[in-house]
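Novice: Need coordinates for the below:
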Amino acid sequence: MPSMNTYFDTFDREKEALLKEFFQLLRFRGLSADLKTMPELLACANFLEKKLADLGGKVEKWSIDGHPPVVFAEFKSENKDAPTLLIYNHYDVQPVDPENLWDSPPFEPTIRDGKIYARGAEDNKGQLFYSLTALQIYLKKVKSIPFHLKWVIEGEEEHGSTALHQLLPKYKDKVKADGILVIDVDMHNFAKPSICLGVRGIVTMDLKVTGPKGDLHSGSCGGAVLNPIHYLVHILDQARTADGKINIPGFYDQVKTLSDSEKKLFTFESAQELSHVTGVPPAGGEKGFSSGEQTTIRPTLEINGIYGGYSGDGFKTVLPSEAFAKVSCRLVPDQNPEEIGKGVKKYFESKSNPSAKVEVHLHGTGGSSVQCSPKSFLTNAANRAVQATFEKKAEYNLAGGSIPVAADLAHFSGGTLLFVGTGLPTDNIHAPNEHFSLEQLRYGTSLIGHLFEYFVEEFNR
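Specialist: Next up, the predicted model:
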């Protein structure tokens, strides 16, 4: 017996052909953090350009030299006065390191126990693909689209969205929309499906500590010469207190604190749920807040990488001349990423001394935190889409991650913003063995398809 859900029925019937196409998308090795993969990024953009054109969209590519292109598509309704929905996705992926921890090649999609393992399987190619699948099914169902649809797919989200930040002012008329759907977030689980009403902001940077004029013998000089790695570890440790507070002047000045009544709107991940995902109890956050609050409504300063000296096989008794770290800050309303970046840079560089020079390189201007209304027409449409897909009422959550360009999209489009997605905390995004299940693809197809169906009705309500 077919179900009452066209999206489920079509996905089940055409699953093999859909997976074949999805695997093509997953095989592109396009890393925005590594410009040596630019040919793969360009090939992926061409793949998406053709896909959107085949669906009937008018497609163009926006580009800045040295950056992967933005794919922009437009599907116009016969009704000129119809509302406009703008969708955002990205096609670049994170680096795969350490590759030896993958159980199967990261760019050769492999199905195990109903899950597709590949880099980008969830973030964001899986969520992009089910959204395209939903459109494909929806267009066959309605014949004539009752709203204007625009689609922005960038190739640089994992590296700060530098090009799109610069391109949006130029193409602001192109991205004008009534509603903006960012399809790049998680739910806690499918037993309690949720809609995301906000993401944290982000600013990232590289730290470099330079000491002696060259690498030294650690026996001859160790104990007298200041080791740049020791000093880097020291200043990084000083940046946070024992209670997990960021120890940088002005860091909390603009932080918006939610009241107890405001917190009740959201379902926060419990410490037990987080432990299930991570394998360890949460013990690194800011005291006075639950782990769910620490990962969503509080700002952070994290060390994402640290290196220097010798790290090969065997041993080399060296006192290195340089040490490096990669640091990111997750931000909350109303922190300004540019101001926070400058403040963190000033703090670390003030730690320079005659024996150790500290330099900080900021990566662009970062991205602001964004929060959405639980009462908007787009949220109402999403609530109905969740009910139609999961047969359960939606809860609301907040994402700990960031969509760097989300605030700019909302500003230049002038539309109402919402985040949706069928990612799960257990998908291993940004880590080895990233995966996305067939069930998540199926649910995502239905979720976006039904959102298309309810969009105009809720806009006009």
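
Novice: going forward, measure contacts between C-alpha atoms and count neighbours the same way
Specialist: Fine.

Novice: what are the ranges of the helices in the stretch 51-200 of the chain?
Specialist: 125-142, 162-170 (DSSP state H, counting those that start in this stretch).

Novice: what's the most buried one of the ones you listed?
Specialist: Neighbour counts (mean count of other Cα atoms under 10 Å) averaged over each of these peak at helix 125-142, with a mean of 21.

Novice: Quick one: residues in contact with that helix.
Specialist: Helix 125-142 is contacted from outside by 7, 10, 22, 25-26, 55, 89-91, 120, 145, 183-184, 421-423, 436, 441-442, 444-446, 448-449, 452, using Cα atoms under 8 Å, 6 or more residues apart in numbering.

Novice: so Met187 touches Leu424, yeah?
Specialist: Yes: using Cα atoms under 8 Å, Met187 is in contact with Leu424, at 5.5 Å.

Novice: Comparing the two, which shows the higher neighbour count?
Specialist: Met187 (23 against 20; other Cα atoms under 10 Å).

Novice: residues contacting that one?
Specialist: Pro193, Ser194, Ile195, Cys196, Asn397, Gly421, Thr422, Gly423, Leu424, Pro425.

Novice: how does it look with 10 Å?
Specialist: 193-196, 269, 395-399, 420-425 (Cα atoms under 10 Å, 6 or more residues apart in numbering).

Novice: out of everything not next to it in sequence, what's closest to Leu226?
Specialist: In space, and not counting its chain neighbours, Leu226 is closest to Ser355: 6.5 Å by Cα to Cα, 6 or more residues apart in numbering.

Novice: What of Arg461?
Specialist: In space, Arg461 is closest to Phe377, 7.9 Å off (Cα to Cα, 6+ apart).

Novice: Which pLDDT does the model give that neighbour?
Specialist: pLDDT for Phe377: 98.

Novice: so how many other residues sit close to it?
Specialist: 21.

Novice: Ok, Glu453 next?
Specialist: When neighbours are counted by other Cα under 10 Å, Glu453 comes out with 18.

Novice: And for Phe412?
Specialist: With other Cα under 10 Å as criterion, Phe412 counts 18.

Novice: list the contacts for it?
Specialist: Leu168, Pro169, Lys170, Tyr171, Lys172, Asp173, Lys174, Val175, Lys176, Ala177.

Novice: now, the most widely separated pair of those residues?
Specialist: Lys170 and Ala177 (15.5 Å; Cα to Cα).

Novice: Look up the closest residue to Ile246, ignoring the ones flanking it.
Specialist: Spatially, and ignoring its direct neighbours in sequence, Ile246 is nearest to Arg240 (4.6 Å; Cα to Cα, 6+ apart).

Novice: right, and the one you found touches Ile248 too?
Specialist: Yes: Arg240 lies in contact with Ile248 (Cα atoms under 10 Å); the separation is 7.9 Å.

Novice: Common neighbours of the two, please.
Specialist: Counting by Cα under 10 Å, 6+ apart, the common neighbours of Arg240 and Ile248 are Leu301.

Novice: Verify the contact between the residue nearest to Leu226 and Glu322 for me.
Specialist: No: in this structure, Ser355 is not within contact of Glu322 by Cα under 10 Å, at 11.5 Å.

Novice: what is Thr416 paired to in the beta sheet?
Specialist: In this entry, Thr416 is beta-bridged to Gly179, by DSSP bridges.

Novice: tally of neighbours for it?
Specialist: Neighbours of Thr416 using other Cα under 10 Å come to 21.

Novice: just Glu457 next, same as before
Specialist: 12.

Novice: what's the helix or strand for it?
Specialist: In the assignment (DSSP states H and E), Glu457 maps to helix 438-460.

Novice: Helix 125-142 and that helix, what's the angle between them?
Specialist: Counting by axes from the mean of the first three to the mean of the last three Cα atoms, to 10 degrees, helix 438-460 lies at 60 degrees to helix 125-142.

Novice: what pLDDT, on average, does helix 438-460 get?
Specialist: On average, helix 438-460 scores 98.

Novice: Could you list the buried residues of it?
Specialist: 438, 440-456, 458-459 (16 or more other Cα atoms under 10 Å).

Novice: Can you give me the first-to-last residue distance of stretch 190-207?
Specialist: 40 Å (Cα to Cα, to the nearest Å).

Novice: Next, the buried residues of it.
Specialist: 193-207.

Novice: any residues in contact with both of Ser355 and Glu322?
Specialist: Taking Cα under 10 Å, 6+ apart as the contact rule, Ser355 and Glu322 both touch Val209, Thr210, Gly211, Pro212, Asn227, Pro228.
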